[in-house]
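>>> My questions are about this predicted structure, shown below with the sequence.
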Amino acid sequence: MAELDISTQSCIIEREDNVLIVTLNRPEAKNAFNSQMLLGMYKAWRLLDEDDELYCAILTANGDTFCAGMDLKAGADGKHDSTEEFMALMAEVPNVHWQALLRDNRPNKPLILAVEGYALAGGTEILQGTDIRVAAEDAVFGITEVARGLYPMSGSTIRLRRQIPYCLAAEMLLCGDHITAAQALEYGLINKVVPSGTTLDSAREYAARICRNGPLAVKAVVRSLRQHQECMAEDEAMLASDELAGPVFASNDAREGMRAFKEKRRAEFTGS
């Protein structure tokens with residue numbers, strides 16, 4: 001596994017074959033967001049979109065807390081840690097922080113989340129921008145902004161009610177309470193609960209399963225998941241879905257997949 005030069009002190013970005021692994025790396029501050037972390041995540045997601053040899057990404061963290069969200073201590077003291085590079089980027093891309101946090105412009109490739117420990121406030125908000133989510137059995141989640149007199153600006157008031165039942169979303173958003181991994185699984189907020197210390201292994205298993213599939217097909221499916229929301233009329237969404245399907249069925253990968261099925265072997269996809 002090779003670390004990439006777009007890594008920052010607070011966000012390690014590595015490449016493992018066709019998988020990008022993004023690791024939040026500020027354990028001394030419970031992986032609360034800072035400009036270096038946001039910068040690394042932004043660069044990682046844009047690389048994922050642009051590099052055809054990358055099929056999916058895993059988001060994880062170092063330390064015993066996945067992410068505590070915004071750095072409230074720095075915010076309360078009026079401190080800002082923004083670097084010159086981050087401020088220059090923000091001048092060009094005003095919503096760079098929302099892209100980093102998967103609120104805006106999410107990559108059109110699968111995002112797998114591996115959560116150990118607490119994922120509170122922004123830690124649970126960024127979860128909602130991912131596609132497949134693995135949590136340790138002792139993980140804890142919560143949209144806790146209201147408990148601090150704050151508003152969840154990373155999209156939870158919009159996304160959470162679309163991903164789990166409305167009344168459960170309302171309870172999480174309005175009460176600001178913590179929920180366990182078992183509750184999150186029951187709510188449908190996560191895919192799987194695994195023993196502590198094994199979430200990255202489980203995420204890698206999901207990534208391997210995705211990477212065995214046709215990359216053009218996977219990318220088209222993700223694009224449909226991103227773009228064809230519940231607010232679209234079903235007939236409109238079906239037509240939009242058909243537009244994505246056409247190029248996939250016309251691809252070399254589609255022909256290879258059907259040949260491999262006929263010949264009873266694993267397909268060798270090329271992404272073309």
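That came through, no problem.

>>> Centre of the chain to stretch 252-260, how far?
30 Å (CA atoms, centre = their mean, to the nearest Å).

>>> If you could redo that for stretch 86-98, that was the one I meant.
That offset, for stretch 86-98, works out to 20 Å (CA atoms, centre = their mean).

>>> Tell me, how many residues neighbour residue 10?
Residues near residue 10, counting by other CB atoms under 10 Å, number 23. Where you see a C-beta, it was placed from the backbone N, CA and C, and this is true even at glycine.

>>> Using CSV, write down the CA coordinates of the host helix or strand of residue 23.
Using DSSP states H and E, residue 23 sits within strand 19-24. The C-alpha coordinates for strand 19-24 follow below in CSV (Å, rounded to 0.1, in the frame of the first residue of the first chain):
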residue,chain,number,x,y,z
VAL,A,19,-8.9,1.0,-3.8
LEU,A,20,-8.3,4.4,-2.3
ILE,A,21,-8.0,4.4,1.5
VAL,A,22,-8.6,7.7,3.3
THR,A,23,-7.7,7.8,7.0
LEU,A,24,-8.6,10.6,9.3
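
>>> quick one, strands of the stretch 101-250 of the chain?
111-115, 118-120, 132-136, 140-142, 179-180, 192-194 (DSSP state E, counting those that start in this stretch).

>>> Check which residues of the first one are buried.
What it means is strand 111-115. For strand 111-115, the neighbour count (16 or more other CB atoms under 10 Å) marks 111-115 as buried.

>>> between the residues you listed, which is closest to residue 9?
residue 114 (20.9 Å; CB to CB).

>>> Check whether the closest one really touches residue 60, as I assumed.
Yes: using CB atoms under 8 Å, residue 114 makes contact with residue 60 at a distance of 4.1 Å.

>>> okay, and the common contacts of the two?
199-200, 203 (CB atoms under 8 Å, 6 or more residues apart in numbering).

>>> hmm, back to that, could you dump the strands of the stretch 101-250 of the chain into JSON lines and include distance to residue 257 and mean pLDDT?
Converted to JSON lines, those look like this (distance: least, CB to CB, whole Å; pLDDT from 0 to 100):
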{"stretch": "strand 111-115", "distance to residue 257": "23", "mean pLDDT": "98"}
{"stretch": "strand 118-120", "distance to residue 257": "37", "mean pLDDT": "98"}
{"stretch": "strand 132-136", "distance to residue 257": "22", "mean pLDDT": "98"}
{"stretch": "strand 140-142", "distance to residue 257": "37", "mean pLDDT": "98"}
{"stretch": "strand 179-180", "distance to residue 257": "40", "mean pLDDT": "98"}
{"stretch": "strand 192-194", "distance to residue 257": "27", "mean pLDDT": "98"}
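
>>> Mind putting the ones you listed into JSON lines with distance to residue 208?
Formatted as JSON lines, the strands of the stretch 101-250 of the chain follow (distance: least, CB to CB, whole Å):
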{"stretch": "strand 111-115", "distance to residue 208": "11"}
{"stretch": "strand 118-120", "distance to residue 208": "24"}
{"stretch": "strand 132-136", "distance to residue 208": "12"}
{"stretch": "strand 140-142", "distance to residue 208": "26"}
{"stretch": "strand 179-180", "distance to residue 208": "28"}
{"stretch": "strand 192-194", "distance to residue 208": "15"}
